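[1] next comes the sequence, and after it the predicted model I'd like to discuss.
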Amino acid sequence: MKISSIEGEALGRFTPSDPVIGLDIGSRGSKGVLLTADEIHTEFVPTGLYMQETADDLLARLLQKSGVRRRDIAFVVGTGYGRISLKYDYIPYQVVTEITCHAMGAHVLNPRTRTIIDIGGQDSKAIKIDPATGKVVEFVMNDKCAAGTGRFLEKAAVLLGLDLHELGPVALEATDPSPVSSQCVVFAESEMISLRARGERVGDTAARANIAAGIHFATARRVKSLLGRIGTEPDLVFTGGVANNAGMWHALETLIGAKFARSPIDMIYAGALGAAVHAGRHHAAAVAAGTARRNARAQARTTASPTRKAAARATAGRKTAAAHS
């Protein structure tokens, strides 16, 4: 995608001088973004058993899609669940936390962003950022319990006989969301099984949609409690793998009472985009440091040159005097 085709100029201010890559290796899915001076390329793959293989697959797909050669990649930044497992010997590489990267990714796409909800496969976060810089001001995380995460929704889809991508749209068909009250995944599963059995007994064809909606609202309540600890300020942005779930968008917007800002790029790539922006900054800093070192060496040679010339003249004078004596 041409960066010039994206509405607004925010992303254009963060494009690198040379191609860079951001890799967001999540627990369930991995995302990659390749940034050049005028284009952005994105790629998604399921996270495999070996993080390095997943990252290498992402990188290869990004290179093929963009036409950029591997040797032309100036810097790679890894983030997400598997970032510490990655290693690159021939490309400068650094790791940055996913919270920092999601904040930056949301910021470059919407500079007015102040509050981010990030729901991934294994955790959920509420993040407050400074709209002037995109830096994290405060955050809270739920990573101790599956409730309020993508994993919870996966289990709910299985219990309802749905594929995960069907769960959100089915939830939007609900007319009376079922009361799934438990904050524990194990007890919530029991509630779902009981509600579905009750619906099947009375021939309630809408029961599945109502249960799906109830699950989304139960998850949204858990996430909303995180927001209660840092506050909610506009613009509000939804990132992470669950950001593609229309049922979760609806449940969160209903409970929070505010709309999420729309983006020209799928917000599951927010973390990888933020990582790519940081890769560009690391590369720029390395280039600047190299230039400074070269300038310092040149200055040292220039400063030393008159001294060496004077010494050479003195030596020549002594040799001449010795020859005449």
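    Nice, thanks for sending it over.

[2] measure the closest residue to Ser85 other than its chain neighbours to Glu43 for me?
    Using CB to CB, 6 or more residues apart in numbering and skipping the chain neighbours, the partner closest in space to Ser85 is Met51 (3.9 Å). Where you see a C-beta, it was placed from the backbone N, CA and C, and this is true even at glycine. Distance, Met51 to Glu43, using CB to CB, to the nearest Å: 16 Å.

[3] who has more neighbours out of the two?
    When Met51 is set against Glu43 and neighbours are counted by other CB atoms under 10 Å, the residue ahead is Glu43, at 23 against 20.

[4] torsion angles phi and psi at the closest residue to Asp130 other than its chain neighbours?
    Taking CB to CB, 6+ apart, and ignoring the residues beside it in sequence, Asp130 has Val137 as its nearest neighbour in space, at 5.5 Å. As for Val137, its main-chain torsions (degrees, to the nearest 10) stand at phi -100, psi -40.

[5] check contacts around Val137.
    Contacts for Val137 were tallied using CB atoms under 8 Å, 6 or more residues apart in numbering; they are Lys128, Ile129, Asp130.

[6] one more time with 10 Å
    Ala103, Arg114, Thr115, Ile127, Lys128, Ile129, Asp130, Pro131, Ile230 (CB atoms under 10 Å, 6 or more residues apart in numbering).

[7] the stretch 151-300 of the chain: strands as residue ranges?
    Ranges of strands in the stretch 151-300 of the chain, per DSSP state E, counting those that start in this stretch, are 236-239.

[8] residue ranges with poor pLDDT in it?
    181-205 (pLDDT under 70).

[9] how close does Thr239 get to Asp266?
    Thr239 sits 10 Å away from Asp266, going by CB to CB.

[10] so the two - more neighbours on which side?
    For Thr239 versus Asp266, the count of surrounding residues by other CB under 10 Å is larger for Thr239: 31 against 13.

[11] you'd agree that one is up against His102?
    Yes. A contact is recorded between Thr239 and His102 when judged using CB atoms under 10 Å, the distance being 5.1 Å.

[12] who touches both of those two?
    Ile116, Ile117, Asp118, Gly120, Lys125, Ile127, Met267, Ala270, Gly271, Leu273, Gly274.

[13] excluding its backbone neighbours, what's nearest the first one?
    In other words, Ile116. Of all residues beyond its chain neighbours, the one nearest Ile116 is Ile127 (4.2 Å), with distances taken as CB to CB, 6+ apart.

[14] pairing partners for the helix or strand harbouring the one you found, with directions?
    Here Ile127 is covered by strand 124-129, with elements defined by DSSP states H and E. Sheet pairing for strand 124-129, assigned by DSSP bridges, gives strand 115-119 (antiparallel), strand 136-142 (antiparallel).
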